[in-house]
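In: Just a sequence and a predicted model for now, questions to come.
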Amino acid sequence: MSKKVALITGITGQDGSYLAEFLLEKGYEVHGIKRRASSFNTERIDHIYRDRHEDNVNFFMHYGDLTDTSNLTRILREVQPDEVYNLGAQSHVAVSFEAPEYTADVDAIGTLRLLEAIRFLGMEKKTRFYQASTSELYGLVQEIPQKETTPFHPRSPYAVAKMYAYWITVNYRESYGMYACNGILFNHESPRRGETFVTRKITRGLANISQGLEKCLYMGNIDSLRDWGHAKDYVRMQWMMLQQEQADDFVIATGKQISVREFIAMSAQELGITLRFEGEGVNEFATVEAIADQAAVPGVKVGDVIVRIDPKYFRPAEVETLLGDPSKAKEKLGWVPEITVEEMCAEMVQNDLLKAKQHALLKSHGYDVSVSVEG
Ligand code: NDP
Ligand code: GDR
């Protein structure tokens, strides 16, 4: 039997990198679309990249962009994928308030461009399509926990764009009989998470503080509640969704939620710092501070304030609480998440601690290393 061929948009991102690994292990030929950038942007996939002059190469990259119809059409025609995973997006909710039009172009119309290119090329009966939908669709939640039938109320330009993408995927399934699915994924993280999403900002920031590389971490709404899973568990489910007889949409979540504040405390504990929070009402007063009560690390003394609220990180409209009900995925696909939020947090902290220690060592030997902190 010939190899299955997959095309992944967003292959340089967190999920794209894990999905590419997963599909290569399954014996797929994997193609990815990467954007041209002025510096290398393939750090997450460099370990699986092989020079195409070597023998038996089954991983290929193509320059492209979700805003470029002719480019997408040409890549699809060349690659002739059995499965397309549309993971590419301007995926930062806060940034979408600053760049709403671009976010709509990439996240909403980009999805349409791909679907329409598949149809235009006459591949709608051959190519299966996965759309990276999101729990942000629920926004101002109408029901707890949220499941496939819970009504949407998006709260950001990102979520509104993703709502278009969700419905155009359903529409191409209903109109043209395409095998097209939405995975409504709740937040998922990993050591490869982008540095400005809240979990990574916390694990990286606290690890840097523990090694004396930064003094304080500035946060937005730390009372926000999220259902956090591990990206590795979630990409497995993306693949499973395309292996069914009939295309369908699924919520992917753990069914447990904790606050950003709890995630900060958990990360600090993993580093050996016990925190006391003082102040309340972050949205109105921005007074909350997290103080080190006990610290067994070089960069922190007892009494140091290591987390403060900066209203700069508040969003014009916030999604206060998200909690998913993954029963349908469990019943129909047999999917259950294997990694807990505690295990994931520990893995992320240890990964960032190693990096912070490497930085600190270089610094102590007189090398001028800077740490990006804008988040
Ligand atoms: P990342 O932000 O880590 O990755 C996004 C990817 O999209 C990157 O490869 C990025 O390229 C690429 N990209 C951005 N703009 C364009 C464009 N104009 N054309 C082509 N590619 C582009 O996101 P994640 O891996 O975390 O998420 C994957 C998908 O899942 C996204 O669509 C996201 O919205 C969605 N999602 C994520 C969840 C999560 O918790 N992680 C939950 C629910 C949905 P570059 O590296 O060059 O920036
Ligand atoms: P989210 O993730 O918006 O849920 O979108 P993010 O990690 O950015 O925020 C989660 C919650 O933390 C609060 N928060 C902060 N967030 C950031 N980034 N920085 C801060 O300093 C900060 N302080 C508090 C936020 O207000 C929010 O409530 C992610 C993305 O991956 C989307 O692409 C995806 O669709 C959803 O998850 C599901």
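Out: Everything's here; your move. Numbering: from 1, shown residues only. Ligands and ions are numbered 1, 2, ... in the order given.
In: And the helices in the stretch 101-250 of the chain, which stretches?
Out: In the stretch 101-250 of the chain, the helices defined using DSSP state H, counting those that start in this stretch lie at 110-120, 157-176, 198-210, 231-241.
In: backbone phi and psi for whatever residue of the chain ends up closest to ligand 1, please?
Out: Closest to ligand 1 within the chain is Gly13: 2.0 Å, counting by Cβ to the nearest ligand atom. Quick note: C-beta positions are derived from backbone N, CA and C, even for glycine. Backbone torsions of Gly13, given as degrees, to the nearest 10, read phi -90, psi -180.
In: what residues are up against it?
Out: 44, 87-88, 91, 194 (Cβ atoms under 8 Å, 6 or more residues apart in numbering).
In: Check Gly122 and give its pLDDT.
Out: pLDDT recorded at Gly122 is 98.
In: For it, list the residues it contacts.
Out: Residues in contact with Gly122 (Cβ under 8 Å, 6+ apart): none are found.
In: Enumerate the residues of this structure near ligand 2.
Out: 91, 93-94, 134-136, 186-187, 196-198, 201, 219-222, 224, 226, 260, 313, 315, 318-319, 375 (Cβ under 6 Å from any ligand atom).
In: still on that earlier bit, got a pLDDT number for the residue of the chain closest to ligand 1?
Out: Reported pLDDT for Gly13: 98.
In: can you check Val373 too?
Out: 65.
In: quick revisit: buried ones only from the residues of the chain next to ligand 2, please, as a PyMOL command.
Out: A single PyMOL command selects the buried members of these (16 or more other Cβ atoms under 10 Å):
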select buried, resi 91+93+94+134+135+136+186+187+197+198+201+219+220+221+222+224+226+260+313+318+319+375
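In: out of the residues of the chain next to ligand 2, which touch ligand 1?
Out: Filtering these for proximity to ligand 1 by Cβ under 6 Å from any ligand atom leaves 91, 134, 187.
In: quick one: which of the residues you listed is nearest to Met241?
Out: Closest to Met241 out of those is Thr134 (14.6 Å), distances taken as Cβ to Cβ.
In: lowest confidence element among the helices and strands of this structure?
Out: In the chain, the helix or strand scored least confidently by mean pLDDT, DSSP states H and E is helix 282-285, which has a mean of 56.
In: Quick check: can you name the pairing partners of the helix or strand following that one and their directions?
Out: Next helix or strand after helix 282-285 toward the C-terminus (DSSP states H and E): strand 289-295. Sheet pairing here is set by DSSP bridges, and for strand 289-295 it gives strand 273-278 (antiparallel), strand 305-309 (antiparallel).
In: got the buried residues for strand 289-295?
Out: So strand 289-295, judged by 16+ other Cβ under 10 Å, has buried residues 290, 292, 295.
In: With distance to ligand 1 and pLDDT added, can I get the residues you listed in CSV?
Out: Shown next, in CSV, are these (distance: Cβ to the nearest ligand atom, whole Å; pLDDT from 0 to 100):
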residue, distance to ligand 1, pLDDT
Ala290, 24, 94
Ala292, 29, 95
Ala295, 31, 91
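In: Put the alpha carbons of stretch 358-375 into CSV.
Out: Coordinates of each C-alpha in stretch 358-375 appear next as CSV, following Å, rounded to 0.1, in the frame of the first residue of the first chain:
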residue,chain,number,x,y,z
GLN,A,358,22.3,27.7,30.6
HIS,A,359,21.7,31.5,30.2
ALA,A,360,22.8,32.1,33.8
LEU,A,361,26.0,30.1,33.3
LEU,A,362,26.9,32.0,30.2
LYS,A,363,26.2,35.3,32.0
SER,A,364,28.4,34.3,35.0
HIS,A,365,31.3,33.7,32.6
GLY,A,366,31.0,37.2,31.2
TYR,A,367,29.0,36.4,28.0
ASP,A,368,26.5,39.1,27.2
VAL,A,369,23.2,37.2,26.9
SER,A,370,19.9,39.0,26.8
VAL,A,371,16.5,37.4,27.6
SER,A,372,13.4,38.6,25.7
VAL,A,373,10.7,39.5,28.2
GLU,A,374,8.0,41.4,26.3
GLY,A,375,4.9,39.2,26.5
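In: Give me the contact list for it.
Out: For stretch 358-375, the external contacting residues (Cβ under 8 Å, 6+ apart) are 195-196, 201, 205, 208, 211-214, 218, 313.
In: Pick the one among those closest to ligand 2.
Out: Checking the contacts of stretch 358-375 against ligand 2 with Cβ to the nearest ligand atom, the nearest one is Tyr313 at 3.9 Å.
In: Go ahead and confirm that closest one touches Ser224.
Out: No - the pair Tyr313 / Ser224 is not scored as a contact, 10.7 Å apart, by Cβ atoms under 8 Å.
In: thinking again about what came up before, and of the buried residues of strand 289-295, the nearest to Asp304?
Out: Of all the buried residues of strand 289-295, Ala292 has the smallest distance to Asp304: 4.8 Å, by Cβ to Cβ.
In: What residues does the nearest residue to Leu225 once chain neighbours are set aside make contact with?
Out: Using Cβ to Cβ, 6 or more residues apart in numbering and skipping residues adjacent in sequence, the residue nearest Leu225 is Thr321, 4.3 Å away. Going by Cβ under 8 Å, 6+ apart, Thr321 touches 141, 144, 224-225, 257.
In: and the two most separated of those residues?
Out: Farthest pair in those, by Cβ to Cβ: Ile144 and Ser224, 14.7 Å.
In: Buried deepest among the helices of the stretch 101-250 of the chain, which one?
Out: Of all these, helix 198-210 has the most neighbours on average by mean count of other Cβ atoms under 10 Å, namely a mean of 26.
In: angle of that helix against strand 273-278?
Out: If you take axes from the mean of the first three to the mean of the last three Cα atoms, to 10 degrees, helix 198-210 sits at 110 degrees to strand 273-278.
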